[in-house]
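J.: predicted structure and sequence below. I'll ask about it afterward.
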Amino acid sequence: MEKNHNASVLTESASLNNSRLGLHSALLPYSPPDAVFSSSLFLTIPRKKTGLLDDVLSTCWLDAMKSSSPTHKKLKDFSTEPTDTEIAHRNWMLKYPSALASFEKITSYAKGKRVVLFLDYDGTLSPIVDNPDRAFMSNNMRLAVKNVARYFPTAIISGRSRDKVLEFVGLTELYYAGSHGMDIMGPGKEVNLFQPASEFLPMIDEIYRSLVDIAKEIEGATVENNKFCISVHYRNVDEKSWTTIAESVHDIMKNYPRLRLTHGRKVLEVRPVLNWDKGKAVEFLLESLGLSNSDNVLPIYVGDDRTDEDAFKVLREGNRGYGILVSSAPKESNAFYSLRDPSEVLEFLRSLVIWKKASA
Ligand SMILES: O=P(O)(O)OC[C@H]1O[C@H](O[C@H]2O[C@H](CO)[C@@H](O)[C@H](O)[C@H]2O)[C@H](O)[C@@H](O)[C@@H]1O
């Protein structure tokens, strides 16, 4: 891996924007080229791909597409003997206990601490639906998020574009980190707080057009422009055509060694090769809020997707807070707790508010 020292990758107006948001520059961990604070943890661009592994990669992609889109079989309820699936699920729940069942444990640890909430959007605040443009959150969920934000600093961290997720959530009092954390904005201000991938915009726009062209040829495939990353959706594509999608995307990606692919829920996500992800966004926001390196802070991150694992990992490895995985199916995670679905997320958020009011 080579370090990229090309400072133009940094947003040109980061320090101006930060000061507009009322954040003292000393609180910011990442710097524009002429700033005084360290940029050593910043961007890393790996060596150009050689192409030798391309065939292997293409097959791996298809495997990853299948494994990231499991079919969830219903549990049998007519047998007294637990099935293997049921046993596996119980064992999984022992490893990742319900955050609702463990609520007292969580809040007794949170007592006297400043809780900071990080919430993923799709699959966490809104249910997964076939049409990404219709992934609305319920009014009850919006109210719950509004209420938690009255008591705890709250950020939405999404793979969506920041504008899109703000449009869905509609609450200006939150922090928003769109494009998997590559587009961060503070509450109530129409300025960008931080955009570490701004130099990639022309490249992203270019590949977006190519991906739209290939999607036209595959029934059900759609492409979503998330500003600093692109989503290629295959939820509505016949499984027989998944190979075609994987190969076509792979062929295009060969021309863009500075872009990489990650896998979400029936979606391929094209993004810059940057050492930046949802975990880095969490660290950045905590630092910006002046809430880093304090024993009196308890960050809680709730998310359902592979990309949320980067944030779970940051919290687990730093022994800093709790990741809560939203899933009803067993899967390995860096989270500490689990919630089955957005309806349990709603209950958890409401419980936090009740607890906070009662302990005030
Ligand atoms: O980080 P997130 O907020 O979870 O965003 C990840 C992706 O979410 C969206 O796609 C997912 O939800 C869609 C609506 O329910 C669903 O149709 C799709 O299959 C899921 O992958 C969003 O559309 C993507 O752009 C995000 O990357």
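T.: Received, thanks.

J.: residue 286 reaches residue 298, doesn't it?
T.: No: between residue 286 and residue 298 there is no contact under C-beta atoms under 8 Å: 10.9 Å. The way it works is simple: take the backbone N, C-alpha and C, and place the C-beta from them, glycine included.

J.: out of those two, name the residue with the larger neighbour count.
T.: More crowded of residue 286 and residue 298, by other C-beta atoms under 10 Å: residue 286, with 26 against 23.

J.: give me the low-pLDDT residue ranges for this structure?
T.: Within the chain, the segments meeting pLDDT under 70 span 1-79, 189-192.

J.: the ligand contacts on that one?
T.: Proximity of the chain to the ligand, by C-beta under 6 Å from any ligand atom, involves residues 120-123, 128-130, 132, 135, 158-160, 224, 226, 231, 233, 235, 264-267, 269, 305, 307.

J.: circling back to that earlier point, between residue 286 and residue 298, what contacts are shared?
T.: Shared contacts of residue 286 and residue 298, defined by C-beta atoms under 8 Å, 6 or more residues apart in numbering, are found at residue 116.

J.: all helices of the stretch 51-200 of the chain, in order?
T.: Here the stretch 51-200 of the chain has its helices, by DSSP state H, counting those that start in this stretch, at 54-67, 84-95, 103-110, 139-151, 162-169.

J.: now the closest residue to residue 171 other than its chain neighbours: how far from the ligand?
T.: Closest residue to residue 171 in three dimensions, ignoring its sequence neighbours and counting by C-beta to C-beta, 6 or more residues apart in numbering: residue 146, at 5.6 Å. According to C-beta to the nearest ligand atom, to the nearest Å, residue 146 and the ligand sit 18 Å apart.

J.: about what we covered before: quick one: which of the helices of the stretch 51-200 of the chain is nearest residue 341?
T.: Closest approach to residue 341 among the helices of the stretch 51-200 of the chain is made by helix 139-151 (11.6 Å; C-beta to C-beta).

J.: quick check: which helices or strands does that closest one pack against?
T.: Packing partners of helix 139-151 (3 or more C-beta pairs under 8 Å, 6 or more residues apart in numbering; DSSP states H and E): strand 114-119, helix 342-359.

J.: let's see that with 6 Å instead.
T.: Judged by 3 or more C-beta pairs under 6 Å, 6 or more residues apart in numbering; DSSP states H and E, helix 139-151 is in contact with helix 342-359.

J.: quick one: buried residues of the helix it packs on?
T.: 342, 344, 345, 346, 348, 349, 350, 351, 352, 353, 355, 356 (16 or more other C-beta atoms under 10 Å).

J.: what's the most distant pair in those residues?
T.: 342 and 356 (21.0 Å).

J.: quick check: residue 204 vs residue 143, distance?
T.: According to C-beta to C-beta, to the nearest Å, residue 204 stands 35 Å off from residue 143.

J.: those two: who's more crowded?
T.: residue 204 (21 against 14).

J.: can you classify that one by secondary structure?
T.: Under DSSP: H, G, I helix; E, B strand; the rest coil, residue 204 falls in the helix class.

J.: highest mean neighbour count out of the helices of the stretch 51-200 of the chain?
T.: helix 162-169 (a mean of 19; mean count of other C-beta atoms under 10 Å).

J.: can you spell out which helices and strands pack onto that one?
T.: Looks like helix 162-169 contacts strand 175-178 (3+ C-beta pairs under 6 Å, 6+ apart).

J.: rerun that using 10 Å as the cut-off
T.: If contacts are counted by 3 or more C-beta pairs under 10 Å, 6 or more residues apart in numbering; DSSP states H and E, helix 162-169 sits against helix 139-151, strand 154-157, strand 175-178, strand 183-185.

J.: and of those, who's closest to residue 115?
T.: Per C-beta to C-beta, nearest to residue 115 of the helices and strands packed on helix 162-169: helix 139-151, 7.9 Å.

J.: quick check: angle from that closest one to helix 342-359?
T.: With axes from the mean of the first three to the mean of the last three C-alpha atoms, to 10 degrees defining the directions, helix 139-151 sits at 40 degrees from helix 342-359.

J.: alpha carbons of helix 139-151, as CSV, please.
T.: Below are the C-alpha coordinates for helix 139-151, written out as CSV (Å, rounded to 0.1, in the frame of the first residue of the first chain):
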residue,chain,number,x,y,z
ASN,A,139,-43.8,9.0,11.1
ASN,A,140,-43.4,7.1,14.4
MET,A,141,-39.8,6.4,13.6
ARG,A,142,-39.2,10.1,12.7
LEU,A,143,-40.7,11.2,16.0
ALA,A,144,-38.6,8.7,17.9
VAL,A,145,-35.4,10.0,16.1
LYS,A,146,-36.5,13.6,16.8
ASN,A,147,-37.0,12.8,20.5
VAL,A,148,-33.6,11.0,21.0
ALA,A,149,-31.9,13.9,19.3
ARG,A,150,-33.3,16.2,22.0
TYR,A,151,-31.3,14.3,24.6
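
J.: great, nothing more from me.
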